[in-house]
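J.: Build me a model from this:
(2 chains)
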Amino acid sequence: MHLSANLKATLRRRMAAWARRRQGDDALPVTVTARRVYILPTRGGFAFAALTFVMLLAGLNYSNSIALLITFLLAGFGMIAMHLTHRNLVGVSLKAVASADAFVGEHGRLLLTIESAADTARLGLDCEVEGSARSAVNVPARGSARADVSLTLTRRGRLTVDRIKISTAFPFGLFRAWTYAHLRASVLAWPVPRGRREAPPEISSGGSATAVHRVGDEEWAGLREFRSGDSPRQVAWGAYARGRGLLVKTYQSPAAHQRMFDLATLPGELEQRLEQLSAWIVAAHARGERYGLKLGEHSLSPGSGNEHRERCLTGLALHGSGEPW
Amino acid sequence: MNTLARSHIAATLVFSASVLLLAGKAPPWCLAIAMLAAAWRLMVASGRLTVPKVRVGARFVLGAVTAALVVAVALSFRTLNGLAAGSALLLVMGALKLLEARSRRDDGIVIAVALFLLLAATLATQSLASLPLYLVVVWGACAAIAIVSDQGGALAPRAAMRLAARALAMAIPLAVACFLFFPRFGGQFWAFQRGEQAASGLSDEMSPGSISRLAIEYDPAFRVRFEGNPPPRSALYFRGPVLNDFDGFTWRRARSKLYVGSQIVMEGEPLRYRVTLEPTNQPWPYTLDTLSAVPQRDMFMAPSDRQLSTSTRITGVLSYDAVSYLRTRTVSPLTALGRRHETTLPVDRNPRARALALQLRAQSTNDADFARRVLAWFRDNGLRYSLEPGTTSLDSVDSTLFDNKLGFCGHFASAYATMMRAAGIPARVVTGYLGGEWNPLGSYFIVRQSDAHAWNEVWLDDTGWTRIDPTAVVAPERLGSGIFDLMSDSLPATSSFLHNNPFLFRLQQAWDGANNWWRERVVEFDTRSQLNLLRKLGIESPDWHHLGWAFAAGLLAWIAWVSLALRRGVARVKPDRIGRAWLRATRKLARVASARAAAEGPMDYARRIGGARPDLADRVLSLASRYAKLRYGREASHRDIDDFEREVRNFAV
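T.: Now for the predicted structure:
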């Protein structure tokens, strides 16, 4: 069992390497042509073939025409099943690959947009990358659907896959046809938010932060000119009515609460320190605070919001990898 | 309903359908167990019952039940080998599998068992009527395969049925090609016992009344198709068991009474025909009188009376081609041993008949004259033909001729042979069938049990063994028509109704014709038929090689057809016209200026070319921007692409 599993894995790897040499790298969009579809019987398919063979022997042995007729019908059915499975894959295309990052220990996701230009729906397409489970998706005729491939993240950093496998055993499960899209895709694994240290104290850098959004107990900071992108809600309509033009109300935090998280201030092992930073970022984000991050010579000036949080976490994930962020 | 439950239900339904196919062929208790298990499985899968929690003990219980059922099957059949025992075993094993089926894989096994049950059913019955049932089970099994493998719930059951129907329909041409050309290896790889089948027909004994019992049965005994024109009905004497040993009541075939037969010469035109015999459980094939040679390898002809027999009892449908002649001539005398065997009578039986025979012989000039005189006596002494001639005493011939004066063919044949033998003339009783019902739809004769008949063969020195039918003088109409036309009143109501209602009769003939076609063209299709087919296709001396080539050609043609037929559903991947046109343009430019670098975008490239060749700058920039717009802009229309292609074509440097 173990041996055969190993053998299988080896064969699968060889097959993938061969396909890569044969096909070369791909660029989006990848349209599946017949030349890049591989197909083999499944276990059920082999069982079906064995059953048909036994029926054939019985039919020949007893010179039983009806048994033979039924056997031949089933054999033909098996071959049609092969064609149908193959056809189910040919002509679909992988349009886009997006990723959703996550903390170590959680599932990162690759979101694959698969499109079918054909008049028939493509059902039961399974998408997977190395180390992921299969994610099934049904693509409607002349439409697209999104497969959600989740990857278990075990190590901080960038998890890169260079091959996306789309396969199908639809409709009869007797054969599995598959194709490889040789694309690079990656998911970031952020360090787990973990650590009990006190966050560094808030610092007030006087009045630098003016915000149009009213977050908490901010104070009135006056009007400024409207810039495109400002929400109509912030417009001082009263002033506008008085003919003073479009002005926007601004507020300022009384003491401009913000924190600076610095890797250098933390003692101990690097991963634990990063995890502590991650915990601080998560907590500060949850409280709606403003925070900045300093990792060696890289630093992110204080900010808030989802985008800021993800930039900080990306910095933590990539720290030490030499990859720019 | 979740897809796993759906998978269980689909597999179980297919299983129950194939269990029903075995109804009447497997023991009822096996069928009951299988159907109960299927019902339980359906209830559980549809949520009407909850599955009992499997404890450790349950496995052992299941194991014990399995062992008990195997023993039960073995005891009831006294073997586990053979078709009936095998199917019974498969039934109970399938039922047990249903009890423990949890996964999709188990469902796959259940479907496989269902297909094996189907195989068992086809081995038991190959009738035309059962074909639709078999096909329905095949269809259901294929749909169930789809449902079982569909984990994502993408297929509704109805869609699965449609898909399976379509796949099977596309497989039909291959099935036909394989059927016609797939080499059938003759002989058996393994053998099994066939169960005894209920069969009726003539045996190698004849007592008063044994034939009249048969004569009220409407079942077909065999069918005969003649090559060319069939002979008249009155010549259709199909010879069966020849009886030569008489104890005064019963005629028997004595195997010990063998002797070297006399030589005969066939005269006139040969009649070639094919007989398809229903199972009889007897070793006697029927052929038209007089058979010229043994039709098949496993048949034998007794030298003394040309009685044809098979090496084993005929338990299945048997077909054979035979050649017979209506006229023969004997060229050698009867041996002394033969004369003694064929003139033996019990000395103390039927005294009146024997006395009458001696009296008539004394008045006759020779044997042939005596034979005619006895026939005349039969005709002139008030003997009547009847299905119910009443009982006879142990001196059955005396009862028939002098007391009852009623008889069926068997009575008259027995009486006639007795009188011949009493006068020292060799005579014997031949049983078989006379006549048959012409089926115009299939151009063949159906010979029914009701056509059973008995007649005599008498040795006359001039002609050798001569067929004499005493019934023909008592009831001459019997020669031209069957029992059902002669005496429909004394027959069972259902049979005579079927026979006399013109619509039902026609319908019944059509159905019989279809069945016969099915049997001759499909069920009995074998290597010989395959080679004949090749001969018809123009191959002069076909052999295995031709068969193999024809099979390969058929297979390839089918694969080509399937690939083409299925491609229609696939959207052709649109050839990238925009990219190809741009490639042509860059090739033209590479000739006069420089090639595009791999990483160079169209606009950068155009600007670079424009810098090097200011004369081309405008046109190149126009091409590049057009390409960029088509490629990266909103969806390009065919007209835009046409224009772009034209521009590239006209772009001359």
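
J.: Centre of the chain to stretch B:89-106, how far?
T.: A distance of 31 Å separates the centroid of the chain from that of stretch B:89-106, by Cα atoms, centre = their mean, to the nearest Å.

J.: now swap in stretch B:510-518 and tell me
T.: Worked out by Cα atoms, centre = their mean, stretch B:510-518 lies 11 Å from the chain centre.

J.: Now that stretch - C-alpha only, CSV.
T.: Provided in CSV are the C-alpha atoms of stretch B:510-518 (Å, rounded to 0.1, in the frame of the first residue of the first chain):
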residue,chain,number,x,y,z
ALA,B,510,-46.1,-12.5,-36.4
TRP,B,511,-44.6,-12.9,-33.0
ASP,B,512,-43.4,-16.4,-33.7
GLY,B,513,-41.9,-15.0,-37.0
ALA,B,514,-40.1,-12.3,-35.1
ASN,B,515,-38.8,-14.7,-32.5
ASN,B,516,-37.6,-17.1,-35.2
TRP,B,517,-35.8,-14.3,-37.0
TRP,B,518,-34.2,-13.3,-33.7
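
J.: Helix, strand or coil: sort out whichever residue of the stretch 101-250 of chain A sits closest to chain B for me.
T.: Going by Cβ to the nearest Cβ, chain B is nearest to residue A:173 of the stretch 101-250 of chain A, at 2.4 Å. For glycine as for every other residue, the C-beta is placed from the backbone atoms N, C-alpha and C. Following DSSP: H, G, I helix; E, B strand; the rest coil, residue A:173 is assigned to coil.

J.: check contacts around it.
T.: The contact partners of residue A:173, taken as Cβ atoms under 8 Å, 6 or more residues apart in numbering or on different chains, are A:42, A:44, A:45, B:145, B:146, B:148, B:149, B:150.

J.: As TSV, those residues with neighbour count and distance to residue B:508 would be great.
T.: Formatted as TSV, the contacts of residue A:173 follow (neighbours: other Cβ atoms under 10 Å in any protein chain shown; distance: Cβ to Cβ, whole Å):
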residue	neighbour count	distance to residue B:508
A:42	16	49
A:44	22	46
A:45	22	46
B:145	30	39
B:146	26	40
B:148	28	43
B:149	25	45
B:150	26	46
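
J.: from those residues, which ones fall inside helices?
T.: A:44, A:45, B:145, B:146, B:148, B:149 (DSSP state H).

J.: Looking at those residues, spot the one nearest residue B:248.
T.: Nearest to residue B:248 out of the ones in helices among the contacts of residue A:173 is residue B:145 (Cβ to Cβ; 68.1 Å).

J.: In this structure the closest one contacts residue A:172, no?
T.: Yes. With contact defined as Cβ atoms under 8 Å, residue B:145 reaches residue A:172; the gap is 5.1 Å.

J.: and residue B:341, how far is that from residue B:239?
T.: Distance from residue B:341 to residue B:239, counting by Cβ to Cβ, to the nearest Å: 19 Å.

J.: which of these two has more neighbours?
T.: Neighbours were tallied for residue B:341 and for residue B:239 using other Cβ atoms under 10 Å in any protein chain shown; the higher tally belongs to residue B:239 (25 against 21).

J.: so the more buried one sits in a helix?
T.: No. Applying three-state DSSP, one finds residue B:239 to be strand, outside a helix.

J.: Now do stretch A:293-305: everything it contacts.
T.: Defining contact as Cβ under 8 Å, 6+ apart, one finds that stretch A:293-305 is touched by A:209, A:258-264, A:277, A:281, A:285, A:288-292, A:308, A:311-312, A:315-316, A:319, A:325.

J.: for chain A, what are the nearby residues on the stretch 1-150 of chain B?
T.: B:105, B:108, B:112, B:115-116, B:118-119, B:122-123, B:126, B:131, B:134, B:138, B:142, B:145-146, B:148-150 (Cβ under 8 Å from any Cβ of the partner chain).

J.: Filter those down to the buried ones.
T.: Buried members of those, counted by 16 or more other Cβ atoms under 10 Å in any protein chain shown: B:108, B:112, B:115-116, B:118-119, B:122-123, B:126, B:131, B:134, B:138, B:142, B:145-146, B:148-150.

J.: quick one on the thing from earlier: what subset of the contacts of stretch A:293-305 is buried?
T.: The neighbour count (16+ other Cβ under 10 Å) marks A:209, A:258-261, A:263, A:277, A:281, A:285, A:289-292, A:308, A:312, A:315-316, A:319, A:325 as buried among these.

J.: Which of those residues fall in strands?
T.: A:258, A:259, A:260, A:261, A:290, A:291, A:292 (DSSP state E).

J.: In CSV: those, plus pLDDT and distance to residue B:377.
T.: Below are these laid out as CSV (pLDDT from 0 to 100; distance: Cβ to Cβ, whole Å):
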residue, pLDDT, distance to residue B:377
A:258, 80, 139
A:259, 83, 137
A:260, 83, 139
A:261, 85, 134
A:290, 84, 136
A:291, 88, 134
A:292, 88, 136
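
J.: which stretches of chain A have low pLDDT?
T.: Low-confidence segments of chain A, defined by pLDDT under 70: A:1-2, A:204-221, A:228-229, A:251-257.

J.: What is the neighbour count of residue B:103?
T.: Residue B:103 has 12 neighbours, counted by other Cβ under 10 Å.

J.: Correction: the previous question concerned residue A:245.
T.: Neighbours of residue A:245 using other Cβ under 10 Å come to 11.

J.: Hmm, residue A:225 and it touching each other?
T.: Yes. Residue A:245 is within contact range of residue A:225, at 7.5 Å (criterion: Cβ under 8 Å).

J.: hmm, back to that, closest one to residue B:394 out of the ones in helices among the contacts of residue A:173, please.
T.: Of all these, residue B:145 has the smallest distance to residue B:394: 68.2 Å, by Cβ to Cβ.

J.: residues touching that closest one, list them.
T.: Counting by Cβ under 8 Å, 6+ apart, residue B:145 touches A:44, A:48, A:172, A:173, A:174, B:108, B:111, B:164.

J.: same deal with residue B:546?
T.: The neighbourhood of residue B:546, defined by Cβ under 8 Å, 6+ apart, consists of B:534, B:539.

J.: give me phi/psi at it?
T.: When read as degrees, to the nearest 10, the backbone of residue B:546 gives phi -60, psi -40.

J.: Residue B:49 versus that one, what's the distance?
T.: Per Cβ to Cβ, residue B:546 is found 59 Å from residue B:49.

J.: got it, and residue B:159?
T.: Distance from residue B:159 to residue B:49, by Cβ to Cβ: 28 Å.

J.: In space, what's closest to the residue of chain B found nearest chain A - neighbours in sequence excluded?
T.: Residue nearest to chain A within chain B (Cβ to the nearest Cβ): residue B:149, separated by 2.4 Å. Residue nearest to residue B:149 in three dimensions, not counting chain neighbours: residue A:173, with 2.4 Å by Cβ to Cβ, 6 or more residues apart in numbering or on different chains.

J.: Spit out the contact partners of the closest residue to residue B:537 other than its chain neighbours.
T.: Take residue B:537 and drop its neighbours on the chain: the residue closest to it by Cβ to Cβ, 6+ apart is residue B:550, 7.7 Å away. Applying Cβ under 8 Å, 6+ apart to residue B:550 gives the contacts B:180, B:181, B:534, B:537.

J.: among those, which ones are buried?
T.: Buried members of the contacts of residue B:550, scored by 16+ other Cβ under 10 Å, are B:180, B:181, B:534.

J.: Which of these sits closest to residue A:159?
T.: Among the buried ones among the contacts of residue B:550, residue B:181 lies closest to residue A:159 (Cβ to Cβ), at 56.0 Å.

J.: what's the closest non-adjacent residue to that closest one?
T.: Residue B:181 sits nearest to residue B:551 (Cβ to Cβ, 6+ apart), 3.9 Å away.

J.: moving C-terminal of the strand or helix carrying the one you found, what's the next helix or strand?
T.: Taking DSSP states H and E as the criterion, residue B:551 maps to helix B:544-567. Scanning forward in sequence from helix B:544-567 by DSSP H and E, the next helix or strand is helix B:577-592.

J.: The next helix or strand along the chain from that next one and chain A in contact?
T.: Counting by DSSP H and E, the next helix or strand C-terminal to helix B:577-592 is helix B:602-612. No. Helix B:602-612 stays clear of chain A (Cβ under 8 Å from any Cβ), getting no nearer than 15.8 Å.
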